[in-house]
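> any chance you can model this:
(chains A and B)
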2 protein chains.
Amino acid sequence: MARVVQKFGGTSVADIARIQSAAAKVKAEIDRGNQVAVVVSAMAGATNELVGHVTAISTLYDVREYDAVVAAGEQVSAGLMALALQGQGVDARSWLGWQIPIRTDDAHGKARIQGIETDELLRGMAAGQVPVVAGFQGLGPDNRITTLGRGGSDTSAVALAAAIGADRCDIFTDVEGVFTTDPRIVAKAHKLDKITYEEMLEMASLGAKVLQTRSVEMAMNHRVRLQVRSSFSDAPGTLVVDEEEIVEQEIVSGIAYNKDEAKITLVRVADRPGVAASIFGPLSDAHINVDMIVQNISEDGKATDMTFTVTKADFERACEVLKSHRAALGYQRLIGDANVVKISIIGVGMRSHPGVAQTMFTALAEKGINIQVISTSEIKVSVLISDDYAELALRALHTAYGLDAD
Amino acid sequence: MARVVQKFGGTSVADIARIQSAAAKVKAEIDRGNQVAVVVSAMAGATNELVGHVTAISTLYDVREYDAVVAAGEQVSAGLMALALQGQGVDARSWLGWQIPIRTDDAHGKARIQGIETDELLRGMAAGQVPVVAGFQGLGPDNRITTLGRGGSDTSAVALAAAIGADRCDIFTDVEGVFTTDPRIVAKAHKLDKITYEEMLEMASLGAKVLQTRSVEMAMNHRVRLQVRSSFSDAPGTLVVDEEEIVEQEIVSGIAYNKDEAKITLVRVADRPGVAASIFGPLSDAHINVDMIVQNISEDGKATDMTFTVTKADFERACEVLKSHRAALGYQRLIGDANVVKISIIGVGMRSHPGVAQTMFTALAEKGINIQVISTSEIKVSVLISDDYAELALRALHTAYGLDAD
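Numbers count the residues shown, from 1 in each chain, chains lettered A, B, ... in the order given. Okay, here's the model as predicted:
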């Protein structure tokens, strides 16, 4: 007997027929002799509709009321999933965040799970009952509904899996698993059988929207074996596991891209201690996140160029903030460029294989693609290039690292 | 300072614009120096959509899951109303049934309110905060969401008004108030300024769908001053009050009709003790409610005719049940007729004025309308007639009792 958490995303419970088909997957797992707990997202489109209602009233809304409104989506799908399971002869009941309870902090709209009371759930499961847990929601210390941020149902599922000591947490979604890169762009991309938590974390935070980043962090911290798989087939998906579980580690496992960045260069800012703080302080005050940062070596010891990226949504505002601080910063010129893309190669194998970045630079150079900014971490190398070359670069790198499917 | 409960029905919160306009009514009441608690129904159409999802999965659904699903509608509207009030500068917060809690019995789908904890609500109101309570829902002894049956938000509002000792409970709906009869049929129908609880109760149970019957019972028992009024105007509506509050009582206050009845006559059933029980026992076993019952005097002391009405939905099934029991009942013939309408005159003045029914019989006779069945209570007289004459009868009676507007 294994204990399994099955999480169904919005497209997997988009209508009654899909809920029935998801319920059949739960029943199949039960029939294999396993104990199952289910976590559901809201029916596809439901959350957007509810958020639309809230923002139609006010853009500066009370986030506690936002939470009460949008959490209704998962309440509905949880009840419907329980009914579908009952209809297939499976004992099931829905559980809302406040009923379990799933306790969170008071950060409404982006709350963090602090604990899940599992006694009743486990007692039900032992007696053959499937708990159908409404994802995305919890109970704050103020006895009000909290939500975990978009994609938060992934985190609900992983937290539940950790709390009940599940052997596996299956994330059912509308793709077959995690791919080496976006198969819509690179036809030769292939599904990975396994990927490490660290790699998945980089993939998620770099824009591969398969899993919420926080859910991967949590899975890594609690060593929850995640499986990303399709709700529209029975094929195995991608297992997200510990590094030790992967015997033959590819040097580069995947290539991610993010088109949501814009580049800003401040030409000839004073090269003195504290200049970075004086640039990024005002941006931080304006709640603008900065991603890649490059400071060139100063030629004359007096002034240097500072380049960094922000999200496209923050781009205009970031430029305004910097212009309004021009006197204090003393730069000569501000150059903005929104036509950029960040491409990243990811792989835990990089740690033990020098020269991985060199392969990237060579492959891009051979295609005549200019690298504007480079940033690296232990298991990834990211470059910023003109977005005209995004597809070309992805395909070239996919081939260069031997990831092309046969 | 008065303490007021304002309840907004589904059409009054059908979209964001209407929620804003309902919020403006709350603000106006606050600006008059009153304390206000709000109760909301689900946005028009939302409950039907949710019920549709449930019944698409199963017609024999687990009513606890039904409750969890459909209660989501009021959760959404309560949050949105709180946001709309905040947007108009009114301090407000939403309250779900389980948060207050509004405790009910465990009769999921048609639960009865057992108690409302008001300390926190009253503390908030005293501090100038408007509690926006999700109608229709409560918390059962099993710690699961219960609902109060269709139209249950009226009952939520009255129960809340009773619990917080409100001076008035305004029910905002899509009509201007309670009319002497259906203005779509009788052009001369007029809005009543006041009506007694007893009369309103008869009106509601006889098919005038302005208020849920149970909410009127509860208002009567707790002496809650109800006002039915339009959310689309500022005109006063109809006050539902104690008999003593109405100085000049009309003999007949209103005329109701119900087209949802069908007539069954069993010709020549044995005239012996226990025959009624033997007829209505099997119907009761089949969960078929019987309304009007007439047993004619037996001419020969051996057999009699028994006539009664059931809802049109139960008509076919009732006939089948009776046919399957024909041997035991020993009737000669079963005559069914679904083309009937029940017309009722209602007025507490009847108690002290004899001859009220006679006016009805005369008025109908003058129009050549045959009365098939008569039943009476202390404050109403109901007749069953062919539904061909429904409109004619309503208009004739409206005139006969002096109810026509000038």
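
> tell me how many other residues surround residue A:105.
For residue A:105, the count of nearby residues is 14 (other Cβ atoms under 10 Å in any protein chain shown). For glycine as for every other residue, the C-beta is placed from the backbone atoms N, C-alpha and C.

> what's the answer for residue A:79, then?
So residue A:79, with other Cβ under 10 Å, has 32 neighbours.

> the strand or helix carrying it close to chain B?
Assigned by DSSP states H and E, residue A:79 belongs to helix A:72-87. Yes: Helix A:72-87 lies within reach of chain B by Cβ under 8 Å from any Cβ of the partner chain, at A:72, A:73, A:75, A:76, A:78, A:79, A:80, A:82, A:83, A:84, A:86, A:87.

> in contact with the second one, which residues are there?
Spelled out, it's residue A:73. A:41, A:42, A:43, A:46, A:47, A:50, A:136, B:72 (Cβ atoms under 8 Å, 6 or more residues apart in numbering or on different chains).

> show the pLDDT at the fourth one.
Just to be clear, that refers to residue A:46. Among the per-residue scores, residue A:46 shows a pLDDT of 96.

> isn't it up against residue A:76?
Yes: Residue A:46 is within contact range of residue A:76, at 7.0 Å (criterion: Cβ atoms under 8 Å).

> who's more crowded, these two?
residue A:76 (28 against 20).

> where's the more buried one relative to residue A:344, distance?
Distance, residue A:76 to residue A:344, using Cβ to Cβ, to the nearest Å: 38 Å.

> could you count how many residues lie near the spatially closest residue to residue A:243 that is not a sequence neighbour?
Nearest residue to residue A:243 in three dimensions, chain neighbours excluded: residue A:196, at 4.8 Å (Cβ to Cβ, 6 or more residues apart in numbering or on different chains). By the criterion of other Cβ under 10 Å, residue A:196 has 24 neighbours.

> isn't residue A:196 up against residue A:241?
Yes: the criterion here is Cβ under 8 Å, and residue A:196 meets it with residue A:241 at 6.7 Å.

> with adjacent residues omitted, what lies nearest to residue A:324?
Closest to residue A:324 by Cβ to Cβ, 6+ apart is residue A:282, at 8.0 Å.

> what helix or strand does the one you found sit in?
Counting by DSSP H and E, residue A:282 is part of helix A:275-285.

> could you tell me how far that helix lies from the centre of the chain?
27 Å (Cα atoms, centre = their mean, to the nearest Å).

> list the contacts of the helix or strand that comes right after it.
Using DSSP H and E, the helix or strand that follows helix A:275-285 in sequence is strand A:290-295. Outside strand A:290-295, the residues that touch it by Cβ under 8 Å, 6+ apart are A:261, A:276, A:280, A:283, A:304-311, A:342, A:373-375, A:382, A:384.

> ok, now which ones touch residue A:9?
Applying Cβ under 8 Å, 6+ apart, the residues contacting residue A:9 are A:41, A:153, A:171, A:172, A:173, A:174, A:231.

> give me the subset of the residues you listed lying in strands.
Taking DSSP state E, the ones among those that sit in strands are A:171, A:172, A:173.

> surely the first one meets residue A:154?
It stands for residue A:171. Yes: the pair residue A:171 / residue A:154 is scored as a contact, 6.2 Å apart, by Cβ under 8 Å.

> show me whatever sits in contact with both of these two.
Counting by Cβ under 8 Å, 6+ apart, the residues touching both residue A:171 and residue A:154 are A:7, A:211.

> quick check: which element contains residue A:345?
Going by DSSP H and E, residue A:345 is in strand A:340-346.

> check the offset of the helix or strand just after that strand from the chain's centre.
Remark: after strand A:340-346, the chain's next helix or strand is helix A:356-366, criterion DSSP H and E. Its chain's C-alpha centre and that of helix A:356-366 lie 27 Å apart, by Cα atoms, centre = their mean.

> then stretch A:63-71?
With Cα atoms, centre = their mean as the basis, the mean position of stretch A:63-71 lies at 22 Å from the chain mean.

> which residues sit against that stretch?
With contacts defined as Cβ under 8 Å, 6+ apart, stretch A:63-71 is touched by A:42, A:47, A:50-51, A:53-54, A:97, A:108-109, A:134, A:136-137, A:142, A:144-147, B:75-76, B:78-80, B:82-83, B:86, B:93-94, B:96.

> next: stretch A:372-382.
With Cβ under 8 Å, 6+ apart as the criterion, stretch A:372-382 contacts A:198-199, A:202, A:206, A:263, A:292-294, A:307, A:309, A:340, A:342-348, A:350-351, A:356-357, A:360, A:383-386.
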